[in-house]
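Colleague: Fold the following, please.
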Amino acid sequence: MKLTPRVLLLSLAFAFVTPALLAGEKKVEPAADAAKKGANVDTAAHKASPGAEAVVHAAIANRLAMYGDANKDAISLIAAARILGDLGIQTGKYEIRTVVTQAGAKGDAKVVTAAASGQTDYTIGAILARARQHAGGRKDLLALADEAAKSTTRGRAGGPIMVPARVDTGHTNLHTISYRGGEPATVVVVGSPDADFDLVVKDESGNVVCRQTGLGDSACRWTPKWTGQYRVEVANIGRANNQYRVWTN
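Modeller: From the prediction side, this is the model:
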């Protein structure tokens, strides 16, 4: 059985992509202080970029992989891995500080570089390993998984960055990430379908440049005026603890 474009499109159609999706560590280059006035967001800039669009595609592939896991569907998992491989995804390393947002909750600070114990691993190798488990011994599906594994080494350099994390109910995770001035930035948070997150992006002065709330995935897009750090806040206002992935460029 070939993984034709039609099969891929049908698989993608089953992915629960929310409207928010449609709406790495980098070297920080200091900007002149005189130019740093007001919020670090260029409200007049509306251009897209391949890097920012790739983040959205990676998040969709992540959701497709989640569908494959939920339905034990090898084809969906293979398609997701193939897309992520073509995009050249990377795993980011950022410090995540957790703070209390509701009475009775406790916070801590940690550095997260990979999926923690008990979390589903959405790296390409792990996705393909689960695809092989659900292939039922079918040689055609196993061959597709092997081909997808080979193709991941041919993905483009500097692809979307994934940061896996977990946030308990009543807590907020704070991700500090740098973005380059004049280049469109995108952040997408992918959690479980019933996740209730508040996503807020603030510049180094604490100005809110983007806010998204509601069930499901959340996305923020903006263009920095100058190169600087931003604080990406993921608040779990739901009733259950939740794992999620931050996708960004």
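Colleague: Show the end-to-end separation of stretch 43-56, please.
Modeller: Terminal residues of stretch 43-56 are spaced 20 Å apart (CA to CA, to the nearest Å).
Colleague: average pLDDT across it?
Modeller: Mean pLDDT, stretch 43-56: 84.
Colleague: buried residues in it?
Modeller: Within stretch 43-56, the residues that count as buried by 16 or more other CB atoms under 10 Å are 51-52, 54-56. Backbone N, C-alpha and C define where each C-beta goes, glycine included.
Colleague: nearest to R166, of those residues?
Modeller: Closest approach to R166 among the buried residues of stretch 43-56 (CB to CB): V55, at 20.7 Å.
Colleague: pLDDT score assigned to T123?
Modeller: So, for T123, pLDDT stands at 90.
Colleague: helices and strands of the chain: which one bottoms out on pLDDT?
Modeller: Within the chain, no helix or strand scores below helix 5-14, which has a mean of 41 by mean pLDDT, DSSP states H and E.
Colleague: ok now do the closest residue to A65 other than its chain neighbours, which residues does it touch?
Modeller: Excluding the flanking residues, the one nearest A65 by CB to CB, 6 or more residues apart in numbering is A80, at 3.8 Å. Residues in contact with A80 (CB atoms under 8 Å, 6 or more residues apart in numbering) are 61-62, 64-65, 68, 127.
Colleague: how about these in CSV, adding pLDDT, distance to W226 and neighbour count?
Modeller: What follows is those, written out as CSV (pLDDT from 0 to 100; distance: CB to CB, whole Å; neighbours: other CB atoms under 10 Å):
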residue, pLDDT, distance to W226, neighbour count
A61, 96, 32, 29
N62, 95, 30, 25
L64, 96, 36, 27
A65, 97, 36, 28
G68, 97, 41, 25
I127, 96, 37, 29
